[in-house]
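Colleague: Quick one: sequence plus predicted model below, questions after.
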Amino acid sequence: MKLEGMHHITMITGDARRNVDFYADVLALRMVKKTVNFDAPQAYHLYFGDEQGSPGSILTWFEFPGAPPGNPGAGMVHTIQLGVRSAESLEFWNKRLADSGYPTESLDGVLRFQDFEGLQYELVIADPSNPVLQARHPEIPVEHALTGVQGVRAFASEELNSDRDLLVDGLGFTEVGIGEYLVEGDDTRFRFGYDQHPGYGGREGTGTVHHIAWHSRDEDHEAWRERAGEAGQSVTPVIDRDYFNAIYFRQPQGILFEIATTSPGFAVDEDPAHLGEQLRLPTQHEPMRAQLESLLDPLVNPRAAAPLD
């Protein structure tokens, strides 16, 4: 039994419209689901990824209008690494980001930038063993499209390896250095690493990572819950999130971990050709549709406004 890599990463935004503009236009990801937060249905939950909404490509946001800016500190993810195919692709994105008003920093084959709320990214040459998880966009040549999430970096809240027992013995990560790990699935390699305690605590808010979800085969999910519990974690019951089942626990460094299943996927309630075009509500919130539609700022999925075909 092993984790198959990263399933999704969830962040916080204060502006859903700008979020869609940046991720579905500037970064050219596909908006694959427009729904609401299960626990706060007055807030959007937006999903972006490749054409199919594949695990390993998914970035998601909770929208809380008016939320204060966050600041990643000890025990928080501070950088997300996205893959590209080549050095030429790094040059392409350097120009595209600059032309869109987003400064970049280039060093040692890495292109750094921040989104409109200060969330830190690095574009890196993708691991050649990873699947190419791309979205289509009329302005992006296929050879330069983003290829999926390759890794994350977090600030340690204690020693760099203080959660080693959980990660290696409990969750099956491969240790490749002090505080440096790989999650190796059948066809993916995802990097997870720590940087030294920054000397200050973090503040959750806009532009910060809320949690990271690891990808489990459906048939292994309950076993992962048992294993995390045996490793001393306080694990939630299995929760049906409509598009996957999930368990949650806050690990020793303070990062909220989720383990999510493959199925049923994002096409369970929409035609795959029209993902993210309509507001989809969790079953429990469907009776609130009229109320929620009156509260939520209307969002247009760029793919619906200007279909590719």
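Modeller: Received, thanks. Residues are numbered from 1 along each chain as shown.

Colleague: Off-centre distance for the helix or strand K33 falls within?
Modeller: Following DSSP states H and E, one finds K33 within strand 30-36. Here the centre of mass of C-alpha atoms in strand 30-36, compared against the chain's by C-alpha atoms, centre = their mean, to the nearest Å, lies 13 Å away.

Colleague: and after it, which helix or strand comes next?
Modeller: Counting by DSSP H and E, the element after strand 30-36 in chain order, helix or strand, is strand 44-49.

Colleague: how about the helices in the protein?
Modeller: For the chain, the helices defined by DSSP state H cover 16-20, 87-99, 164, 221-230, 289-295, 302-305.

Colleague: For the fifth one, buried residues please.
Modeller: It refers to helix 289-295. L292 (16 or more other C-beta atoms under 10 Å). C-betas here are computed from N, CA, C, even on glycine.

Colleague: quick check: mean pLDDT across that helix?
Modeller: The average pLDDT within helix 289-295 is 94.

Colleague: contacting residues around it?
Modeller: By C-beta atoms under 8 Å, 6 or more residues apart in numbering, the surrounding residues in contact with helix 289-295 are 36, 41-42, 279, 281, 285.

Colleague: just the shortest one next, same as before
Modeller: Residues lying outside helix 164 but in contact with it, judged by C-beta under 8 Å, 6+ apart, are E175.

Colleague: what is the mean pLDDT for it?
Modeller: 96.

Colleague: Same question for the first one.
Modeller: Along helix 16-20, the predicted confidence averages to a pLDDT of 97.

Colleague: so what secondary structure elements neighbour that helix?
Modeller: strand 44-49, strand 58-63 (3 or more C-beta pairs under 8 Å, 6 or more residues apart in numbering; DSSP states H and E).

Colleague: Enumerate the beta-bridge partners assigned to E175.
Modeller: Y181 (DSSP bridges).

Colleague: Next, count neighbours for it.
Modeller: Close neighbours of E175, defined as other C-beta atoms under 10 Å, add up to 13.

Colleague: what's the answer for A87, then?
Modeller: The number of residues packed near A87 is 11, by other C-beta under 10 Å.

Colleague: Tell me who's in contact with it.
Modeller: Neighbouring residues of A87 by C-beta under 8 Å, 6+ apart: 109, 125.
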